[in-house]
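# sequence-free structure coming up:
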């Protein structure tokens, strides 16, 4: 894969680093390999979400060993771009970045846990919809994968 123009290191953040931000980081890595470093964190360290792992595995992405982390586990200078996927993360990202001149970019991303009390197939579909939404956003922002 050729190196895209633009950021070399991207941080995705959501509220708990359990679903949206690890999916986004993995999807960016899937698209560009090592050409762009992608990491994720949350306002809070969440938990490993089994539905997230399942829908990513459908696309050949193994996140079974994902360990949720928070902003306090990272250094702001390690990233060229911070993309936040929830309003909670947006406020925390601004604090995280306050020493530099970077402003986080906000992507309003659906929360698949809004369907957490429905039938299992409906819940899994909400996770797939979130994954697909993030994949489209990444394609639109960073361009197509380069072979």
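Arrived safely. Keep in mind it's a predicted model, so treat the numbers as computed, not measured.

# Where does pLDDT dip in the chain?
1-5, 100, 115-116, 146-147 (pLDDT under 70).

# Determine how far the top helix by length along the chain lies from the middle of the whole chain.
Assignment by DSSP state H gives helix 120-142 as the longest helix of the chain. Counting by CA atoms, centre = their mean, to the nearest Å, helix 120-142 is centred 11 Å from the centre of its parent chain.

# Against which helices or strands is that helix packed?
Packing partners of helix 120-142 (3 or more CB pairs under 8 Å, 6 or more residues apart in numbering; DSSP states H and E): helix 20-32, helix 50-57. Quick note: C-beta positions are derived from backbone N, CA and C, even for glycine.

# Any chance of the ones you listed in a markdown table with mean neighbour count and distance to residue 104 as columns?
Output for the helices and strands packed on helix 120-142, formatted as a markdown table (neighbours: other CB atoms under 10 Å; distance: least, CB to CB, whole Å):
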| stretch | mean neighbour count | distance to residue 104 |
| --- | --- | --- |
| helix 20-32 | 25 | 12 |
| helix 50-57 | 18 | 22 |
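
# Of all those, which one is nearest residue 88?
For these, proximity to residue 88 was assessed by CB to CB; helix 20-32 is nearest, at 11.3 Å.

# Quick one: residues in contact with that closest one.
Here helix 20-32 makes contact (CB atoms under 8 Å, 6 or more residues apart in numbering) with 1, 4, 10-14, 36, 38-42, 52, 55-56, 59-61, 63, 66, 68, 83, 85-86, 89, 109, 111, 130-131, 134-135, 137-139, 142, 144-146.

# what angle separates that helix from helix 50-57?
The directions of helix 20-32 and helix 50-57 differ by 10 degrees, with axes from the mean of the first three to the mean of the last three CA atoms, to 10 degrees as the criterion.
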